[in-house]
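Chemist: Starting from these lines, generate the structure:
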Amino acid sequence: MEGVTSVAPSDDAHHQMAAMIFGYWISQALGAYASLSIADHLADGPLTAAEVAQRECSAPEATFRLMRAGLTLGLLTSDCDGRFRATELLDTLRRDAPRSLRDVALSMTGRMHWQPWGEFAAAVRTGESQARKMLGLPIFDYMQKNPHVSVEFTAAMTGLTALWKSDVVDRLNTDGVTLAVDVGGASGALLRQLREANPALRGIVFDRPDVAAAIADDLEGIGDGIEVVGGDFFEALPAADLYLLKLVLHDWDDESCVKILRRCREAMAPGGRIAVIDFLIEDARNPGFAALMDLNMLAMATGKERTVEDFDALLANADLRRCGLQTTDSYAIIEAVGA
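Modeler: As a prediction, this is how the structure comes out:
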């Protein structure tokens, strides 16, 4: 660690590389900040580490060490009396933040993500995710067996949807749509945002039965005009005139993607369409964040990130054709109709 004085990249390649290597320390520290709700405790003003530890029943010295590191990370400032104050950066982990990333921090640093990534080199060597080896089950089966992990992951996806809200909602036209199905929609965050823009839109959140049951317990949170249905999107989907597939296809291999798209095609009302909202590999020489998400798919699941040509091939094999493409700062919106 000698000579590594900053987590920020510098002009020196060795220091920049060292900062990247030690990056997982930062991820896990942020997971601890979220778990101890430090941002929430500091929402009303500065506190000492001992006061935070008392509220959380955590070890006082360890809590102090965690919060001291927050000074280096730009999460906290401190005064001469040893009190810590949250910065705007830490406020993004508050539960009540408009686009809170607290649940994202908890899920991404939790065992379900962390364990498979620990064997990432093996995934590259074999070409297969090590999730089953590390967790005992594929990730979706693991979540079904561990409901608290599923709830945490659903909350994280809601947080990411809020983070990238304007990229999709402002661009996806739902005029004239009577009923939309949010396939694998978890908490229905995207559908709720679309209904804010178009209150006449009715929707169905379609997800695994265990997810649907958890959502149904909070129908008030889902809102009027939205129904929750449990099922298997490899088997059948409710009839509708718009199917939303947000960050669904990238979880799956090509054969599975075609099955999902075919179920949409079979259930789709005349004149209906599908909107695939996913990351897109646009420039092979400058692939951006999609290339990193692609590694996450290799670590966690059977899927991958795709090019436009890849999506066109999937659509064609499901008797669909692309009728629209919009790229945003976060996602691509690929619209398709019957071939």
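
Chemist: Helix, strand or coil: sort out the nearest residue to Lys246 once chain neighbours are set aside for me.
Modeler: Excluding its sequence neighbours, the residue lying closest to Lys246 (C-beta to C-beta, 6 or more residues apart in numbering) is Ile277, at 4.1 Å. Bear in mind the C-beta positions are built from the backbone N, C-alpha and C, glycine included. With DSSP: H, G, I helix; E, B strand; the rest coil as the basis, the three-state label of Ile277 is strand.

Chemist: Count the residues that sit near Ile277.
Modeler: 25 (other C-beta atoms under 10 Å).

Chemist: burial count for Asp91?
Modeler: Other residues close to Asp91 by other C-beta under 10 Å number 16.

Chemist: ok now do it, which residues does it touch?
Modeler: Shown in contact with Asp91 (C-beta atoms under 8 Å, 6 or more residues apart in numbering): Ala39, Ala43, Ala97.

Chemist: Out of those residues, grab the one that's most surrounded.
Modeler: Ala39 (26 neighbours).

Chemist: going on from the lowest-mean-pLDDT helix or strand in the chain, what's the next piece of helix or strand?
Modeler: Ranked by mean pLDDT, DSSP states H and E, the helix or strand of the chain with the weakest confidence is helix 219-222, at a mean of 54. Next in sequence after helix 219-222, counting helices and strands by DSSP states H and E, comes strand 226-230.

Chemist: nearest to Ala122, of the contacts of Asp91?
Modeler: Ala39 (35.5 Å; C-beta to C-beta).

Chemist: Go ahead and confirm the closest one touches Leu90.
Modeler: Yes. Here Ala39 lies in contact with Leu90, judged by C-beta atoms under 8 Å, at a distance of 5.0 Å.

Chemist: shared neighbours of the two, anything?
Modeler: Tyr33.

Chemist: Just the strands from this structure, written as ranges.
Modeler: 47-48, 76-78, 83-86, 179-183, 202-207, 226-230, 240-246, 268-278, 320-327, 332-338 (DSSP state E).

Chemist: Pull up the pairing partners for the fifth one, direction included.
Modeler: Strand 202-207 has the following sheet partners, assigned by DSSP bridges: strand 179-183 (parallel), strand 226-230 (parallel).

Chemist: Pull out the buried positions in the last one.
Modeler: Read that as strand 226-230. Buried residues in strand 226-230, counting neighbours by 16 or more other C-beta atoms under 10 Å, are found at Ile226, Glu227, Val228, Val229, Gly230.

Chemist: and the closest residue to the second one other than its chain neighbours, what is it in contact with?
Modeler: Ranked by C-beta to C-beta, 6+ apart and with sequence neighbours excluded, the top spatial neighbour of Glu227 is Ile204, at 4.9 Å. Under the criterion of C-beta under 8 Å, 6+ apart, the neighbours of Ile204 are Leu179, Ala180, Val181, Asp182, Ile226, Glu227, Val228, Val229, Pro238, Ala240.

Chemist: Show me what Ile204 is bridged to.
Modeler: Under the criterion used (DSSP bridges), Ile204 bridges to Val181, Glu227.

Chemist: OK, contacts around Met111?
Modeler: For the record, residue 111 is Arg, not Met. Arg111 neighbours (C-beta under 8 Å, 6+ apart): Leu135, Val149.

Chemist: From Gly225, how far off is it?
Modeler: 37 Å (C-beta to C-beta, to the nearest Å).

Chemist: relative to strand 268-278, how tilted is the longest helix seen in the chain?
Modeler: When the chain is parsed with DSSP state H, its longest helix is helix 147-163. Going by axes from the mean of the first three to the mean of the last three C-alpha atoms, to 10 degrees, helix 147-163 is angled at 90 degrees with respect to strand 268-278.

Chemist: what helices or strands is helix 147-163 leaning on?
Modeler: Judged by 3 or more C-beta pairs under 8 Å, 6 or more residues apart in numbering; DSSP states H and E, helix 147-163 is in contact with helix 102-108, helix 111-117, helix 139-145, helix 189-197, helix 209-216.

Chemist: Return the most buried member of those.
Modeler: Burial of the helices and strands packed on helix 147-163 is given as mean neighbour count (mean count of other C-beta atoms under 10 Å); helix 102-108 ranks first at a mean of 22.

Chemist: Tell me how far it lies from the chain's centre.
Modeler: Mean-position distance between helix 102-108 and its chain equals 9 Å (C-alpha atoms, centre = their mean, to the nearest Å).

Chemist: what do you get for stretch 89-102?
Modeler: On C-alpha atoms, centre = their mean, the centre of stretch 89-102 falls 15 Å from the chain's centre.

Chemist: swap in stretch 273-285?
Modeler: 16 Å.

Chemist: List the buried residues in that stretch.
Modeler: Buried, per 16+ other C-beta under 10 Å, within stretch 273-285: Arg273, Ile274, Ala275, Val276, Ile277, Asp278, Phe279, Leu280, Ile281.

Chemist: What of stretch 47-60?
Modeler: In stretch 47-60, counting by 16+ other C-beta under 10 Å, buried: Leu47, Thr48, Ala49, Glu51, Val52, Ala53, Ser58.
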